[in-house]
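Q: any chance you could fold what I've pasted below:
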Amino acid sequence: MIYHYFGSKENLYVEVLRHNYNKINDLGQETYIPGDDPMENAVRACAVTSIS
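A: Numbering: from 1, shown residues only. Modelled structure (predicted):
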C-alpha cells in the first residue's frame, strides 16, 4: 500500500515530516502576535503545545 500511495518509503517519510511541520507551523501562527510581549508569546505557545 505504501508504494501505491507514496511511491516509496522515502516519499512516505517526507509526507509525514511535511504534515507535522505544517501542524507545528499552524500552532505557531495561532500563538505569535507581532509586537506583543515576548514572554506572553512564549506562554501562549507553551499553553497550546502542552498535553492536558
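
Q: mind showing which ranges of the chain have poor pLDDT?
A: Where the chain drops to pLDDT under 70, the residues are 50-52.

Q: quick one, strands of it?
A: Counting by DSSP state E, one finds no strands in the chain.

Q: distance check, the residue nearest the centre of the chain against Ala45.
A: Taking C-alpha atoms, centre = their mean, the centroid of the chain lies closest to Ile24, which sits 1.5 Å from it. Distance of Ile24 to Ala45, computed by C-beta to C-beta, to the nearest Å: 10 Å. The way it works is simple: take the backbone N, C-alpha and C, and place the C-beta from them, glycine included.

Q: can you name every helix or strand that the biggest helix by length in the chain contacts?
A: Taking DSSP state H as the criterion, the chain has its longest helix at helix 9-31. Helix 9-31 is packed against helix 2-6, helix 38-49, with contacts defined by 3 or more C-beta pairs under 8 Å, 6 or more residues apart in numbering; DSSP states H and E.

Q: the shortest one packs against which elements?
A: Yep, that's helix 2-6 we're talking about. For helix 2-6, the elements it packs on are helix 9-31, judged by 3+ C-beta pairs under 8 Å, 6+ apart.

Q: what lies in contact with the helix it packs on?
A: For helix 9-31, the external contacting residues (C-beta atoms under 8 Å, 6 or more residues apart in numbering) are 2, 5-6, 41, 44-45, 47-49.

Q: try stretch 38-46
A: With C-beta under 8 Å, 6+ apart as the test, stretch 38-46 has contacts from 27-28, 31-33.

Q: now those in TSV, with distance to Val16?
A: Formatted as TSV, the contacts of stretch 38-46 follow (distance: C-beta to C-beta, whole Å):
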residue	distance to Val16
Leu27	17
Gly28	19
Thr31	23
Tyr32	25
Ile33	30
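
Q: would you reformat the residues you listed as a markdown table and include neighbour count and distance to Asn20?
A: Converted to a markdown table, these look like this (neighbours: other C-beta atoms under 10 Å; distance: C-beta to C-beta, whole Å):
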| residue | neighbour count | distance to Asn20 |
| --- | --- | --- |
| Leu27 | 14 | 11 |
| Gly28 | 14 | 13 |
| Thr31 | 18 | 17 |
| Tyr32 | 13 | 18 |
| Ile33 | 10 | 24 |
